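> Have a look at this fold, sequence not included:
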């Protein structure tokens, strides 16, 4: 009787690629935080101008110009933050794919020997 050898090896985890992806996600996190801090600074700056307007130190025309500028800046920052979040999500999907490739193979063991199961019932 011939004995059939079966390998239980799965695709090995690419640790260097995983490390690289984690670093990229960390970088995206820092970038998002920096953009949020920049947005908060723009809001704080506008609040200060608004306060000065209410006290009478700034003209209405100056404040209107500031409003337009602030809206555009906040819109730009929001767009950049969303883009970073989207890019980070892509990297997370890539990490998920790396880990899913590590799913162990299923085997059937019996009197006739051992064999790898392909697809079928889960």
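Happy to help now that I have it. Model, not experiment: these values are computed from the prediction. Residues are numbered from 1 along each chain as shown.
> Show me the residue at the heart of the chain, geometrically.
In the chain, the centroid-proximal residue (CA atoms, centre = their mean) is residue 88; its distance is 2.2 Å.
> Is that one in a helix, a strand, or coil?
Assigned with DSSP: H, G, I helix; E, B strand; the rest coil, residue 88 falls in the helix class.
> Do I have it right that residue 117 meets residue 107?
Yes: between residue 117 and residue 107 there is a contact under CB atoms under 8 Å: 6.5 Å. For glycine as for every other residue, the C-beta is placed from the backbone atoms N, C-alpha and C.
> how about low-confidence regions in the chain?
Scanning the chain for pLDDT under 70 picks out the ranges 1-11, 119-122.
> what's around residue 48, how many residues?
By the criterion of other CB atoms under 10 Å, residue 48 has 10 neighbours.
> check contacts around residue 87.
Neighbouring residues of residue 87 by CB atoms under 8 Å, 6 or more residues apart in numbering: residue 28.
> Number the chain from 12, please
Noted, 12 is the first residue going forward, which turns the last one into residue 98.
> Report the separation between it and residue 113.
24 Å (CB to CB, to the nearest Å).
> Got phi/psi on the residue lying closest to the residue nearest to the centre of the chain once chain neighbours are set aside?
Spatial nearest neighbour of residue 99, chain neighbours left out: residue 39 (3.9 Å); criterion: CB to CB, 6 or more residues apart in numbering. Dihedral pair for residue 39: phi -60, psi -40, per degrees, to the nearest 10.
> Residue 103: which element?
helix 71-111 (DSSP states H and E).
> Name the next helix or strand downstream of that helix, please.
Next along the chain after helix 71-111, taking DSSP H and E as the criterion, comes strand 118-121.
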